[in-house]
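Trainee: sequence first, then the predicted structure, then my questions.
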Number of protein chains: 2
Amino acid sequence: MSGMPENNSGKEVTTLGALAEPNRMAIVELLRDGPLTVGEIADRLQLRQPQASKHLKVLSESGILEVKADANRRIYKLRLEPFQALDSWLSSFRKLMEERFDNLEEYLRELQNKDK
Amino acid sequence: MSGMPENNSGKEVTTLGALAEPNRMAIVELLRDGPLTVGEIADRLQLRQPQASKHLKVLSESGILEVKADANRRIYKLRLEPFQALDSWLSSFRKLMEERFDNLEEYLRELQNKDK
DNA sequence: TTTATATATTCCTTGACAGGAATATTCCTT
DNA sequence: AAGGAATATTCCTGTCAAGGAATATATAAA
């Protein structure tokens, strides 16, 4: 399992796992336009503050977000690395697919032959 | 929520949701090298056949895989669309990030001013 | 120093989901 | 036709994650 963008060992949430939750995906989408405080995020996404905080915690622990404290408030913003990782995984992926992909026939022939 | 790669309405499993499960991710990785039968997949990933079938079902229903029947066997192979979708989402994403990303200071100033 | 604001944390409950085991289904072989 | 191989499905169980509600913590403001 070489180029996998994350290894799910232990209890840590993976990038994909974090993004799979709709509210968290929405948070990420929202933060594309720039950093925001917890309150702003909760407001715009119609989330209660505690749930917002929880999702933000997951996103932070998975490495997708980082926090900056500003007195009372916490400002969350996106981190680049996870997306870069995802992107490089995806591109190496697509490369393969464009080339040899429809060797279904070949595989079928293989199977027939193996039926000695 | 415009460019989101999937909308989680109803019961369907999203691309990310499907990929978030380690065994399913492993299946996808495995199928990068070409189509395979259920048995092969189960063997190589040390899965019991029923669990393999279940994961393959999820992956198929999420649009990540497609099946071809060959008599007794079912040959699963990757579909391109979900990855293309993910990729386009990601690239539009990275574009934004490279440009205006660290407007943290700006945002901080905004916040201070709003404290009228 | 009291009060208010912003955020995090805890506890609880519920639903979803993954694995195990057994069984059903389909097709091939003899 | 009968038995075997490949795959799918069902039922059960345990775990885990998400939301609700209440509360804790920290900082600002009065």
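Mentor: That came in fine, so what should we check first?
Trainee: please enumerate the helices of chain A.
Mentor: Using DSSP state H, the helices of chain A run over residues A:15-19, A:22-31, A:38-45, A:49-61, A:81-98, A:104-114.
Trainee: JSON lines for these, including mean pLDDT, mean neighbour count and distance to DNA strand D?
Mentor: Yep, even glycine has a C-beta here, placed from its N, CA and C like the rest. Below are the helices of chain A laid out as JSON lines (pLDDT from 0 to 100; neighbours: other C-beta atoms under 10 Å in any protein chain shown; distance: least, C-beta to the nearest atom of the strand, whole Å):
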{"stretch": "helix A:15-19", "mean pLDDT": "97", "mean neighbour count": "23", "distance to DNA strand D": "7"}
{"stretch": "helix A:22-31", "mean pLDDT": "97", "mean neighbour count": "19", "distance to DNA strand D": "5"}
{"stretch": "helix A:38-45", "mean pLDDT": "98", "mean neighbour count": "16", "distance to DNA strand D": "10"}
{"stretch": "helix A:49-61", "mean pLDDT": "98", "mean neighbour count": "17", "distance to DNA strand D": "4"}
{"stretch": "helix A:81-98", "mean pLDDT": "83", "mean neighbour count": "16", "distance to DNA strand D": "16"}
{"stretch": "helix A:104-114", "mean pLDDT": "67", "mean neighbour count": "12", "distance to DNA strand D": "9"}
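Trainee: how is chain A divided into domains?
Mentor: If you go by automatic domain parsing, the domain ranges for chain A are A:11-79, A:80-116.
Trainee: B:V28 is nearest to which of the ones you listed?
Mentor: domain A:80-116 (8.7 Å; C-beta to C-beta).
Trainee: now the domains of chain A as JSON lines including distance to DNA strand C?
Mentor: Supplementary listing: those in JSON lines, determined by distance: least, C-beta to the nearest atom of the strand, whole Å:
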{"stretch": "domain A:11-79", "distance to DNA strand C": "3"}
{"stretch": "domain A:80-116", "distance to DNA strand C": "6"}
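Trainee: quick revisit: and the helices of chain A as TSV, adding distance to B:E106?
Mentor: Shown next, in TSV, are the helices of chain A (distance: least, C-beta to C-beta, whole Å):
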stretch	distance to B:E106
helix A:15-19	26
helix A:22-31	15
helix A:38-45	14
helix A:49-61	21
helix A:81-98	22
helix A:104-114	53
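Trainee: quick one: which of those helices is nearest A:A69?
Mentor: Using C-beta to C-beta, the helices of chain A put helix A:38-45 closest to A:A69, at 11.3 Å.
Trainee: quick one: distance of stretch A:60-73 to the chain centre.
Mentor: 17 Å (C-alpha atoms, centre = their mean, to the nearest Å).
Trainee: quick one: buried residues of that stretch?
Mentor: A:S60, A:S62, A:G63, A:I64, A:L65, A:V67, A:R73 (16 or more other C-beta atoms under 10 Å in any protein chain shown).
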